[in-house]
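In: sequence and predicted model, in that order:
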Amino acid sequence: MSAAEPDAQIALSPDAAEPAGLRRLGRGLRRFARRSPMSAFWGCVAALVVAVALAAPAVAPYDPLKSDFRAMTKPPTERHVFGTDQIGRDVLSRVIYGSRASLTVALGAVVFGTTLGALWGLACGYLGGRFDLVSQRMIEFLQSFPDLILAMAIAMALGAGFGTVIVAIAITRVPFGGRVIRAVVLSLKEMSYVEAARGVGASKLRVMLRHILPQCVAPYLILATTHLGVAIVIEAALGFLGVGIPPPTPTWGNMLADSLNAGLVPPWWLVLFPGAAITLTVLAFNLLGDGIRDILDPRLRGAV
Amino acid sequence: MDDTQRRGPLRYLRMYSYIVRRLAFGMVTIVIVSLVVFAILRVLPGDPLVAVFGMEGFMKLSAAERANYMAQLGLSDPLWLQYLHWMRDVAAGNLGHSFFRAESVGDMIARRGPLTAEIALLSVVLSWLVGVPVALVSALRPNSIADNLSRFLSILFLAVPGFWLGMLIVLFLLFVFGYRAPLAGASLFTNPIANLQIVVGPAVVLGLGQAAYIARMARSSLLEVIREDYVRTARAKGLGRRPVIRRHALPNALLPVVTLSGILLGFVLAGSIPVERAFGTPGLGYSMFTAVYERDIFVMQNLVLLYSVVFVLLNIAVDLTIAWLDPRIRYQ
């Protein structure tokens, strides 16, 4: 169970001073680690990526924007572990700072897009009727663009920048959130406890928020973790196509795009490392999501 | 449900009305898509003339010259008129011109489109050839080593960005074999060998990406179907394990995979944009990238419309195929 070291430590030191909530969280995490060590391991990898992003200035050996003109397009050496790009910037530092852009965009897209979609789906599923009908048509319409093309068009229309990339990716997430949560709500709606709440005269809003919403948290979490991965890949693709966050901000997609401009044959270290960072991060989030799904709701296996 | 058994005109009437409704909805979607594409590309920040002449060239133009160029490009008409002109041109098969290239957009699509279509179709075939056998191995021995390995591989390929894999493949072939696929376009009919060299790389990358989804979906669907009563019945009447899987379980388990595959085919069209850029493939995806990069709005407008129309038609085709394969869905 070495995979869950940090979690285990929390649970092993139940100092009286420690708040009960934290201890319960520790116990929960320990149980999670026992039930699926694989997911716990990948959860730690995801946590590590987040930690590196937060502590980027402390972890990165160089300034990601500073050129070293004595070392341009140099393969990995002791001084520059991942090598340098064509204007002498340290690739390792850029990969580390790139995690900030990727994670911010992914988190923003999920917090706005998936959540908005989920709430919309909740309203559709519970209210039904004409509202649902119109909403479903709108969702089908949003899904009639492949998501990369939709994101590309929106990102271009709004002009390059952090915020626009987040909005562009968030919009592509809305229909998925809406569909999944609506389906969940449709089956919840028929439960007798919901009927009981209606029977004692609870308003529609109250039933939705107090009785149905809490049951949607599990499917939402599962969906959100997978969407984090999808959002990271879309962000990288936008950067790669030159409609993402504008340079010189280091993002993994921008770095891959830059490597193609480095000459007819891109140097391998400029290609390998940013892409490996994308793959590792997405893989970690996907496997963490898989683990969460298996534990929270085994019935959803393969559904999302 | 009795209706599904009934032979005769009623049955076909229902089917036709389903097709007609689906097509009508598709038409409406395409019209709305065109409106949205038009709106998005007209609110693009920056003057289109900056894209044409560059910032410096743009500054040198006098106000009258600017107005003249805008009028020539048809960009000074009221928006609704521009939209109607565009629709008229599209209906007449005239897709306009790029700002930068002599070739018309229609000719460009005719020249480059087949390459991208080839890549997309080949990748779908590959995804089935890889995905379904992997799912079979996985589902027939759940939790075995082979199952765990294939599940890990499929989740890995969900995480690998296709364009990055493409770049790695290009580099690998170049360093190890000193090989690079030809960069000039080649038709399947006049120069099949060059054509295949161009198409194989992107198709493999996009195919593996889809295969990962297909393997996951087919596995869970197979696991579900194997527990069904009719599979047990087939086994109970003495049919061997293999024939039961082949004749009873697999066809039913693959229904959701057909739907998924159709949806994925649509996503491949979009996915081929960065992948074609990674390989330097002279296909339509690369043109899309160039148009985006150069802010070439007429090209983008028509290409985005084309991609969306193909996507909508594909979805209709998938729905109809499923309705044809599975009578339970036909009458919803």
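Out: Thanks, I have it.

In: the helices in the stretch 201-332 of chain B, which residues?
Out: Assigned by DSSP state H, counting those that start in this stretch, the helices in the stretch 201-332 of chain B fall at B:229-236, B:241-243, B:250-253, B:255-279, B:284-294, B:297-325.

In: cool, chain A as well?
Out: Secondary structure of chain A (DSSP state H): helices located at A:5-12, A:20-35, A:37-54, A:56-59, A:91-109, A:115-127, A:129-142, A:147-158, A:162-188, A:192-199, A:204-206, A:213-241, A:252-261, A:268-296.

In: also the stretch 51-200 of chain B?
Out: Going by DSSP H, counting those that start in this stretch, the stretch 51-200 of chain B shows helices at B:63-72, B:79-91, B:105-140, B:145-159, B:162-172, B:192-226.

In: for chain A, what are the low-confidence residue spans?
Out: Filtered on pLDDT under 70, chain A yields the residue ranges A:1-19, A:297-304.

In: got the contact list for the residue nearest the centre of it?
Out: Residue closest to the average C-alpha location in chain A (C-alpha atoms, centre = their mean): residue A:228, at 1.7 Å. Going by C-beta atoms under 8 Å, 6 or more residues apart in numbering or on different chains, residue A:228 touches A:106-107, A:110, A:285, A:289. Backbone N, C-alpha and C define where each C-beta goes, glycine included.

In: please repeat the previous calculation with a cut-off of 6 Å.
Out: Residues in contact with residue A:228, defined by C-beta atoms under 6 Å, 6 or more residues apart in numbering or on different chains, are A:106, A:110, A:285.

In: of these, which is the nearest to chain B?
Out: Chain B has its nearest neighbour among these in residue A:285, at 8.3 Å by C-beta to the nearest C-beta.

In: mean pLDDT and mean neighbour count added to the helices of the stretch 51-200 of chain B, as a markdown table?
Out: Formatted as a markdown table, these follow (pLDDT from 0 to 100; neighbours: other C-beta atoms under 10 Å in any protein chain shown):
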| stretch | mean pLDDT | mean neighbour count |
| --- | --- | --- |
| helix B:63-72 | 73 | 12 |
| helix B:79-91 | 82 | 14 |
| helix B:105-140 | 88 | 20 |
| helix B:145-159 | 86 | 17 |
| helix B:162-172 | 90 | 22 |
| helix B:192-226 | 87 | 22 |
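
In: a markdown table please, covering these and showing distance to chain A.
Out: Conversion of these to a markdown table gives the following (distance: least, C-beta to the nearest C-beta, whole Å):
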| stretch | distance to chain A |
| --- | --- |
| helix B:63-72 | 19 |
| helix B:79-91 | 14 |
| helix B:105-140 | 11 |
| helix B:145-159 | 4 |
| helix B:162-172 | 3 |
| helix B:192-226 | 3 |
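
In: residues touching the residue in the stretch 101-250 of chain A that chain B sits nearest to, list them.
Out: Of all residues in the stretch 101-250 of chain A, residue A:146 sits closest to chain B, with a separation of 3.4 Å (C-beta to the nearest C-beta). Residue A:146 makes contact with B:266-267, B:270, B:311, according to C-beta under 6 Å, 6+ apart.

In: repeat for residue B:169
Out: Residues near residue B:169 by C-beta under 6 Å, 6+ apart: residue B:201.

In: same thing but 10 Å
Out: For residue B:169, the contact set (C-beta atoms under 10 Å, 6 or more residues apart in numbering or on different chains) comprises B:181, B:200-202, B:204-205, B:278-279.

In: go on, residue B:125?
Out: Counting by C-beta under 10 Å, 6+ apart, residue B:125 touches B:203, B:207.

In: try the one 4 residues further on
Out: Counting by C-beta under 10 Å, 6+ apart, residue B:129 touches B:207, B:211.

In: and for residue B:229, the neighbour number?
Out: Residue B:229: 8 surrounding residues under other C-beta atoms under 10 Å in any protein chain shown.

In: gap between it and residue A:206?
Out: Look at residue B:229 and residue A:206: by C-beta to C-beta, to the nearest Å, they are 43 Å apart.

In: let's have the contacts of residue A:228 in JSON lines, adding distance to residue A:194.
Out: Below are the contacts of residue A:228 laid out as JSON lines (distance: C-beta to C-beta, whole Å):
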{"residue": "A:106", "distance to residue A:194": "33"}
{"residue": "A:110", "distance to residue A:194": "27"}
{"residue": "A:285", "distance to residue A:194": "32"}
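
In: nearest to residue A:244, of those?
Out: residue A:106 (12.5 Å; C-beta to C-beta).

In: my guess is that closest one meets residue A:251, correct?
Out: No - Residue A:106 lies out of contact with residue A:251 (C-beta atoms under 10 Å); the separation is 11.3 Å.
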